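K.L.:
Make a model of this:
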Amino acid sequence: MIGLLFLLFLVFIAFLNWMLAIAGLLLLALSALWFLLNERQFDKELIQYVAGLSYRLKKVGNEVLLNMPIGILLYDEAEHVEWVNPYLNQIVDGESKTIIGRSLNEISEAIEKLVASDKESMIVALNDRQYRVRLKRSERLLYFTDITDILEIKKQYYNEKTVLALIFLDNYDEVTQGIEDQVRSTINNETTTIIKTWATQHGIYLRRTASDRFLAILNERLLNAIEEEHFSVLDKVREITVPHSHIPLTLSIGVGAGTAALEDLGSYAQSALDLGLGRGGDQAVIKRPDGDVRFYGGKSNPVEKRTRVRARVISHALSELMLESDQVMIMGHRAPDLDSIGSCIGILKIAHANGRSAKIILDQSNNVSGVAKLMDELKKQKNLWSNFITADQAVDQVTKRTLLVIVDTHRPSLVVDPALLAGVPRVVVIDHHRRAEEFIKDPVLVYMEPYASSTSELVTELLEYQPNERPLDLIEATAMLGGIAVDTKNFTLRTGFRTFDAASYLRAHGADTILVQKFLCDDLDQFNQRAELIRQTKIYKNTIGIAVGSSKQNYDQVLLAQTADTMLMLEGIRTSFVIGKRTDGLIGVSARSLGDMNVQVIMESIGGGGHLNNAATQMADATIEEALERVHHAIDEYLEGGLT
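P.N.:
Numbering: from 1, shown residues only. Below you'll find the predicted structure:
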C-alpha cells in the first residue's frame, strides 16, 4: 500500500521534474530489492531454526525413550512383550539379550498379577531393585520407576523411630519374701546383670527407675531384632534359681511404638505393661497407635495372686481398652444364670463410667427360672433394659473398633454367639472358672481367678476401682448380688473375705436381699423335680452321689445344678453328679464337690469345665446311659491318678 502511494507520488513529480522522478523510481526499486532479499534470508533462517529445533526435540525424545532411567514396555493381547526400551531390557536381562516376545509372567509374576487385577500400580522386585510399575491399561503400556533409594530412606526413617519400653519384675517381692538380705542382694544383682547384658548386646539404653523397674529406650530396628529372638531375656530371667522357692522369677515388658510423640509412647508402654500383668505376667507386650498388640512369652504357669493391686491394675487396663474403642459389647454364656447377667450389668456400668456406649448381648431363648424373674424386673427399668440386645442386632452394630467383653466363660463354644466372637478382633475375658483346654483365641486382656466365688464378685471389685465410678441402681446392685449368691449357694460354699467385701459394697449401693431371694426361690414343680432326682441318687465309691434323671423328662440346667448343690447337704456325700436331659435336647451333667475331688478336671475330661468345686458339661452325642458310663469312667480315671 505504501509502495503504491509512493509510485503515484513519483508520477505526480514526473510532471514537474522528470529527472527527480527517475531518481525516486530508482530508489523505490532498490528498496524493494533490499526488502525481498531480507525476507528470503529471514525465511531461510526460520526454516533452519525450526528444522534444528525439530531435530533437537526428536533427539531428546529418542533419548528419553531409549536412555532415560524409566522402563517402558508395550505388551500385546496375549500378554507378550511387543516392545521395550533399552533401559528396561538391561534391567531384566542385560544388554546381550532382548525380552521382546517373552511373556509378562517370565519377567515377573507380579507384573502378570497387576495386569490381571484392577489396580493401576504395584511395587515389583527386579534383580534386587524395587520398581513402581504403573499400568496404562488402554494402551497396554507399563512404566517402571526405580524407587529402591526412596524405600531405603523410608525404611531408615522407620528404623530410627524411637521406642519406649517399661521392664518390670512382676513377682520379685513374692519370690524373695522371707529370704536373707545377702541372698536377696545376690538375686537382685544376678537379675540386673542379665537385663543390662541383654540391653548392651542390642544397643539399648537402660535406666533403672526402681528396685523392680527399668526404663529402656531403643528404636524400631532394635525392636525388630528383639522380636525375632522372641524377647529371650524373659527366658534368661526365668532360669534364675531362687533358694527355697518353687516359683520362678519372671519379667514383664511393656513396649510403646509407632508414634513420634514421646508422651504417647510412654502411655502405650504403660498400657502394654498393664495388659501383660493382667494376662499373668512373664511376657512382653508391644502396643501401637493402630490398635495392633503383639504378645511374646507367657511360658510359665503363673501362680494365682488375687490381690487388691491386681484388681486395680486390671480395672485400669480395662478402662484403657474401653477408651480406645468406639463402643463395648458384653456377652456371657448361653442359658445365662444370675452370675452371667449380674457381671454383664457390672461391665455395662464400667463402660458408662468411661463414657462409652455399651450393649449386653442376651440369649433370651434359654432363660432359666431365676433369670426370667430378673428379666421381668429389668424390663420395668426402661433406661437399663434399652441396653439389652440380641446377637442378630449386635452383628449389625459391630465395628472394627468394637471391644467385646466376655464374662463368666472363656470357652468360645459356650458364648451366646460364637460367630460374633470370631468377628471381633479385640476381646476381653473375665471369668472365675479354671482355664480349660478350649479358650478364646488371642484375647487382649484376661482376668481369670478360679478361687473367686463368682464373676460378679470380680466385676464388683473392678467397678470399685473405676475413677469415674457411677452409682449403682437398686436393680443393678441386686442383680450382681444375686450372681454372687447363686454361685455360693447363699454364701455357704466357695466364699472368702473378698466375697463378703464385694457383697458389702453392693449392699451399700442398695442391693435388695429380699429381691435376691425372690430370684432364687423355687416353685413347687421345681422342688418336686429336685426331690425326685435326689430320690434316684446312688452312692458310688463310698462318698460320691450320682443322680440320674428319666430319659423321658427334660430338666432345666439350673435345676440340675441346684440338685447337685443340695446333694452335698446329705450326710456321707462329699461329691455329687447329676445327669439329666436338658430342655435343649443335650445331656447335662452338673458336678459339685466339698473339696475332696477336683470336679473341674473330671468334667474337662468329658468335654466340660468349670470351677474347682463346681463344674458341668453338656453332651450332644450321648444318651442318659452313655453319659452315666462316661461319668463313671472319668471318676475312675481321676481316682487312679490319670487326670490332673
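K.L.:
contacts, neighbours, all on C-alpha from now
P.N.:
OK.
K.L.:
Domains in this structure, by residue range?
P.N.:
Split into domains by automatic domain parsing, the chain comes to 2-65, 68-151, 169-303, 305-521, 525-639.
K.L.:
In terms of secondary structure, what does the helix or strand harbouring residue 152 contact?
P.N.:
Secondary structure assignment for residue 152, by DSSP states H and E: helix 148-159. Contacts defined by 3 or more CA pairs under 8 Å, 6 or more residues apart in numbering; DSSP states H and E place helix 148-159 against strand 129-136, helix 220-228.
K.L.:
export those to TSV and tack on mean pLDDT and distance to residue 550?
P.N.:
Below are those laid out as TSV (pLDDT from 0 to 100; distance: least, CA to CA, whole Å):
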stretch	mean pLDDT	distance to residue 550
strand 129-136	89	73
helix 220-228	90	58
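K.L.:
Just name the most buried of these.
P.N.:
Most buried of the helices and strands packed on helix 148-159, by mean neighbour count (mean count of other CA atoms under 10 Å): strand 129-136, with a mean of 18.
K.L.:
Can I get the next helix or strand after that one as CSV, trimmed to CA atoms?
P.N.:
Next helix or strand after strand 129-136 toward the C-terminus (DSSP H and E): strand 141-146. Taking Å, rounded to 0.1, in the frame of the first residue of the first chain, the C-alpha atoms of strand 141-146 are listed here in CSV:
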residue,chain,number,x,y,z
LEU,A,141,1.7,-49.8,28.4
LEU,A,142,3.8,-50.3,31.6
TYR,A,143,6.2,-47.7,33.1
PHE,A,144,8.9,-48.9,35.5
THR,A,145,10.3,-46.3,38.0
ASP,A,146,13.2,-47.3,40.3
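K.L.:
can you list contacts of strand 141-146?
P.N.:
The contact list for strand 141-146, computed with CA atoms under 8 Å, 6 or more residues apart in numbering, reads 69-75, 88, 129-136.
K.L.:
let's go with 7 Å and repeat that
P.N.:
Identification of contacts with strand 141-146 by CA atoms under 7 Å, 6 or more residues apart in numbering yields 70-75, 130-136.
K.L.:
which of those sit farthest apart?
P.N.:
For the contacts of strand 141-146, with distances taken as CA to CA, the pair at the greatest spread is 75 and 130 (21.0 Å).
K.L.:
count of neighbours near residue 475?
P.N.:
Look at residue 475: counted by other CA atoms under 10 Å, it has 22 neighbours.
K.L.:
could you measure residue 383 against residue 473, distance?
P.N.:
From residue 383 over to residue 473 the distance is 11 Å, taken as CA to CA, to the nearest Å.
K.L.:
Give me the buried positions along stretch 153-163.
P.N.:
By 16 or more other CA atoms under 10 Å, the buried positions in stretch 153-163 come out as 159, 162, 163.
K.L.:
All the strands of the stretch 151-300 of the chain, residue numbers only.
P.N.:
Listed in chain order, the strands of the stretch 151-300 of the chain (DSSP state E, counting those that start in this stretch) span residues 162-169, 205-210, 213-219, 251-256, 283-287, 293-297.
K.L.:
Deepest in the core, which of these is it.
P.N.:
Among the strands of the stretch 151-300 of the chain, strand 251-256 has the highest mean neighbour count (mean count of other CA under 10 Å), at a mean of 29.
K.L.:
Name the spans of the stretch 151-300 of the chain whose pLDDT lies under the cut-off.
P.N.:
Where the stretch 151-300 of the chain drops to pLDDT under 70, the residues are 175, 178, 241-247, 278-280, 298-300.
K.L.:
Who has more neighbours out of residue 383 and residue 473?
P.N.:
residue 473 (15 against 10).
K.L.:
Need the phi and psi values for that one.
P.N.:
Phi and psi for residue 473, reported as degrees, to the nearest 10, are phi -80, psi 170.
K.L.:
again with residue 549
P.N.:
As for residue 549, its main-chain torsions (degrees, to the nearest 10) stand at phi -80, psi 170.
K.L.:
Tell me what the residue lying closest to residue 387 once chain neighbours are set aside is bridged to.
P.N.:
Spatial nearest neighbour of residue 387, chain neighbours left out: residue 359 (4.8 Å); criterion: CA to CA, 6 or more residues apart in numbering. Beta bridges link residue 359 to residue 329, judged by DSSP bridges.
K.L.:
Check residue 81 too.
P.N.:
Using DSSP bridges, the bridge partners assigned to residue 81 are residue 75.
K.L.:
doesn't residue 74 make contact with it?
P.N.:
Yes - using CA atoms under 7 Å, residue 81 is in contact with residue 74, at 6.0 Å.
K.L.:
ranges for the helices of the stretch 1-150 of the chain?
P.N.:
Assigned by DSSP state H, counting those that start in this stretch, the helices in the stretch 1-150 of the chain fall at 2-16, 18-67, 86-93, 104-107, 109-116, 148-159.
K.L.:
which stretch in those helices has the least confidence?
P.N.:
Sorting these by mean pLDDT places helix 2-16 lowest, at a mean of 64.
K.L.:
what ranges do the helices span in the stretch 451-600 of the chain?
P.N.:
Under DSSP H, counting those that start in this stretch, the stretch 451-600 of the chain gives helices at 455-464, 474-488, 497-508, 513-520, 524-535, 557-567, 599-605.
K.L.:
one step back: got JSON lines for the buried residues of stretch 153-163, with distance to residue 481 too?
P.N.:
Formatted as JSON lines, the buried residues of stretch 153-163 follow (distance: CA to CA, whole Å):
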{"residue": "159", "distance to residue 481": "53"}
{"residue": "162", "distance to residue 481": "48"}
{"residue": "163", "distance to residue 481": "45"}
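K.L.:
What is the burial count for residue 401?
P.N.:
Neighbours around residue 401, by other CA under 10 Å: 16.
K.L.:
Give me the pLDDT for the closest residue to it other than its chain neighbours.
P.N.:
The shortest distance from residue 401 to any non-neighbouring residue, by CA to CA, 6+ apart, is to residue 325 (5.1 Å). Note on residue 325: pLDDT of 92.
K.L.:
Could you name the specific helix or strand carrying residue 325?
P.N.:
Using DSSP H and E, residue 325 falls within no helix or strand.
K.L.:
How about the contacts made by it?
P.N.:
Counted by CA under 7 Å, 6+ apart, residue 325 has contacts 401, 402, 403.
K.L.:
now swap in residue 538 and tell me
P.N.:
Applying CA under 7 Å, 6+ apart, we find residue 538 in contact with 545, 546, 547.
K.L.:
pLDDT weak spots in the stretch 401-550 of the chain?
P.N.:
434-437, 469.
K.L.:
What residues sit buried inside stretch 356-365?
P.N.:
Buried residues in stretch 356-365, counted by 16+ other CA under 10 Å: 356, 357, 358, 359, 360, 361, 362, 363, 364.
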